[in-house]
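> give me a model of this one.
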Amino acid sequence: MTQDVSLPTAAVDDSVTSSSVNTELKIATFNLFNYLEPPNAAYEFERIFSAEQWQKKQRWITDYLHEYQPDIIGFQEVFSPNALKALVATQGYCYFEVVDQPHIIDDFIYQRPVVAIASRYPIINLSAVQPNIELAQQLGLTSNFAFSRKILRATIDIPHIGNCDCYVVHFKSKRTMIDVDEKNNTWSPEKTIIESLKAQVAGSWGSTIQRGSEATLLMMAMIERREESANPMILMGDFNNTLADGVLSHILTNTLRFVSTIDRDAYLAKYCLYDAWDLLQSVLANEDENTSEVETVRTPTHYFGATNSVLDYILLSCEFDANYHDSLYEVSAHHTYDRHLINPIFERDGESTDHGVVSITLKLRS
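Residues are numbered from 1 along each chain as shown. A predicted model of the protein is given here:
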């Protein structure tokens with residue numbers, strides 16, 4: 001269901017790729033929030049960075065990469081992939097790919113940002129995940145169903161583990177799919193309220209259906225790819241939903257009804273995904289005699305008004321689960337960079353992002 005593109009391998013510094021040296025692997029997911037080089041505009045005519053604002057945003061991203069040094073990064077909200085490719089190259093990322101381009105109207109107004117991936121290790125294969133239309137129709141969706149943003153799959157040659165399929169997603173937002181003309185002069189105030197309420201209820205549910213369907217069809221594609229390649233899997237991105245919500249909770253399905261325990265234990269684990277946060281908690285609980293000291297409160301990645309939630313995730317296959325008998329890596333750290341959200345300084349954070357940056361450290365098991 002994908003059109004694969006094999007990519008040439010570039011020369012890389014031995015200090016980066018030496019398997020004997022690299023016993024840790026760092027992964028990050030990074031929503032850039034309207035990464036668009038001026039003089040272009042994001043969505044509306046007025047939304048254009050000044051030269052000073054753009055430099056500040058570039059510097060903020062560079063400072064994060066320099067401080068935290070992730071090896072592989074999944075980006076969301078990329079309007080200017082060429083500019084981002086140039087920026088990450090200055091930080092040692094020899095490999096950068098996208099599978100789509102943003103939509104441009106009126107020559108300079110950009111819509112529909114794309115996802116991207118940057119890596120210190122070779123990207124040897126690239127594709128945009130395609131939904132299984134036959135399955136989509138079985139789910140009651142239309143024959144022209146498409147992901148709201150193309151999902152990127154990059155196969156990366158990772159030290160010690162070899163080819164690993166890395167997926168970058170930005171699922172459909174909760175924003176209503178139905179717009180209302182609130183300036184309609186023929187409507188009474190009550191009629192305006194009624195139409196807005198109807199649009200919000202129906203449009204929000206439409207977005208929920210789209211988001212849940214995207215997650216389901218992606219999971220089916222990942223399972224099929226896993227069966228075909230046996231590659232380990234990493235899924236990262238802005239899910240625009242908490243995984244605890246029933247809309248996306250099936251991504252972490254790890255049990256089956258009416259299947260023998262022997263078959264389930266032998267085969268199921270390698271087709272499932274696990275939240276990196278949960279894997280870390282398991283590692284810490286096994287290491288600490290006093291499990292009450294293990295941190296169990298997860299840092300939010302997004303704030304809206306008085307509410308907060310975790311929307312950005314990194315999910316892993318069993319090769320990164322310390323409880324799996326054949327795992328090569330285990331999660332040793334999980335970090336959400338959020339000082340720009342909870343304690344912003346304008347000079348430093350004025351053009352940052354509205355999401356926390358989630359990163360994990362994977363340690364090679366001895």
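> phi, psi for the closest residue to T208 other than its chain neighbours please.
Leaving aside its chain neighbours, T208 sits nearest to V247 (5.7 Å; criterion: CB to CB, 6 or more residues apart in numbering). (C-beta placed from N, C-alpha, C; glycine too.) Note on V247: backbone dihedrals following degrees, to the nearest 10 are phi -60, psi -40.
> next: D238.
Dihedral pair for D238: phi -90, psi 110, per degrees, to the nearest 10.
> measure it to T336 for me?
According to CB to CB, to the nearest Å, D238 stands 13 Å off from T336.
> what do these two both touch?
D312 (CB atoms under 8 Å, 6 or more residues apart in numbering).
> what about the two, which has more around it?
Per other CB atoms under 10 Å, whichever of D238 and T336 has more neighbours is D238, with 26 against 17.
> any idea what that one is bridged to?
With DSSP bridges as the criterion, D238 is bridged to H170, D312.
> residues contacting it?
T29, N31, Q76, E77, V169, H170, F171, L311, D312, H355 are the contacts of D238 under CB under 8 Å, 6+ apart.
> buried residues in the helix or strand containing the third one?
Following DSSP states H and E, the helix or strand that holds Q76 is strand 72-78. Of the residues in strand 72-78, those with enough neighbours to count as buried (16 or more other CB atoms under 10 Å) are I72, I73, G74, F75, Q76, E77, V78.
> correct me, but the second one touches I117?
This means I73. Yes - with contact defined as CB atoms under 8 Å, I73 reaches I117; the gap is 6.9 Å.
> wait, D354 sits on P300?
No - contact criterion CB under 8 Å: D354 and P300 do not qualify, at 11.9 Å.
> now the most centrally placed residue in the chain: closest residue in space that isn't a chain neighbour?
Nearest to the mean C-alpha position of the chain, by CA atoms, centre = their mean, lies G237 at 0.8 Å. Distances taken as CB to CB, 6+ apart put V169 closest to G237, at 3.7 Å, once the chain neighbours are dropped.
> what do you get for N323?
S282 (6.2 Å).
> tell me the contacts of the one you found?
D321, A322, N323.
> is R264 in a helix, a strand, or coil?
helix (DSSP: H, G, I helix; E, B strand; the rest coil).
> and the closest residue to it other than its chain neighbours, how far from T216?
Leaving aside its chain neighbours, R264 sits nearest to L256 (5.6 Å; criterion: CB to CB, 6+ apart). To T216, L256 is 16 Å away according to CB to CB.
> who has more neighbours, those two?
T216 (20 against 12).
> if I look at the more buried one, how far off is K150?
Per CB to CB, T216 is found 17 Å from K150.
> what segments of the stretch 201-350 of the chain are strands?
Applying DSSP state E, counting those that start in this stretch to the stretch 201-350 of the chain gives strands spanning 233-238, 274-275, 302-304, 307-309, 312-316, 329-337.
> oh, that last question was meant for the stretch 1-150 of the chain, not what I typed.
Per DSSP E, counting those that start in this stretch, the stretch 1-150 of the chain carries strands over the ranges 5-6, 24-35, 41-42, 72-78, 95-98, 103-105, 109-111, 114-119, 123-129.
> and the ones you listed: which comes nearest I193?
For the strands of the stretch 1-150 of the chain, the distance to I193 is smallest for strand 109-111, at 28.8 Å, taking CB to CB.
> which sections of this structure are below the confidence cut-off?
Residues of the chain that meet the criterion pLDDT under 70 lie in 1-3, 8-21, 182-184, 288-295.
> how does it look with 80?
1-6, 8-21, 180-185, 258, 261-266, 288-296, 366 (pLDDT under 80).
> check contacts around Y329.
With CB under 8 Å, 6+ apart, Y329 has these contacts: L25, H160, I161, E319, F320, L362, K363, L364, R365.
> also K150?
Residues near K150 by CB under 8 Å, 6+ apart: V99, D100, V114, V115, A128, V129.
> format the strands of the stretch 1-150 of the chain as JSON lines; extra columns: distance to S50.
Output for those, formatted as JSON lines (distance: least, CB to CB, whole Å):
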{"stretch": "strand 5-6", "distance to S50": "37"}
{"stretch": "strand 24-35", "distance to S50": "14"}
{"stretch": "strand 41-42", "distance to S50": "12"}
{"stretch": "strand 72-78", "distance to S50": "19"}
{"stretch": "strand 95-98", "distance to S50": "26"}
{"stretch": "strand 103-105", "distance to S50": "21"}
{"stretch": "strand 109-111", "distance to S50": "17"}
{"stretch": "strand 114-119", "distance to S50": "24"}
{"stretch": "strand 123-129", "distance to S50": "34"}
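> go through those and name the closest to A86.
Here strand 95-98 is closest among the strands of the stretch 1-150 of the chain (CB to CB), at 9.0 Å.
> parallel or antiparallel, list what pairs with that closest one.
strand 114-119 (antiparallel).
> give the buried residues for the partner strand.
For strand 114-119, the neighbour count (16+ other CB under 10 Å) marks V114, V115, A116, I117, A118, S119 as buried.
> can you list the residue ranges for helices in this protein?
14-17, 51-68, 81-89, 133-138, 189-229, 261-267, 276-287, 339-342, 346-349 (DSSP state H).
> name the helices or strands packed onto the third one?
Under the contact criterion of 3 or more CB pairs under 8 Å, 6 or more residues apart in numbering; DSSP states H and E, the helices and strands touching helix 81-89 comprise strand 24-35, helix 51-68, strand 72-78, strand 95-98, strand 114-119.
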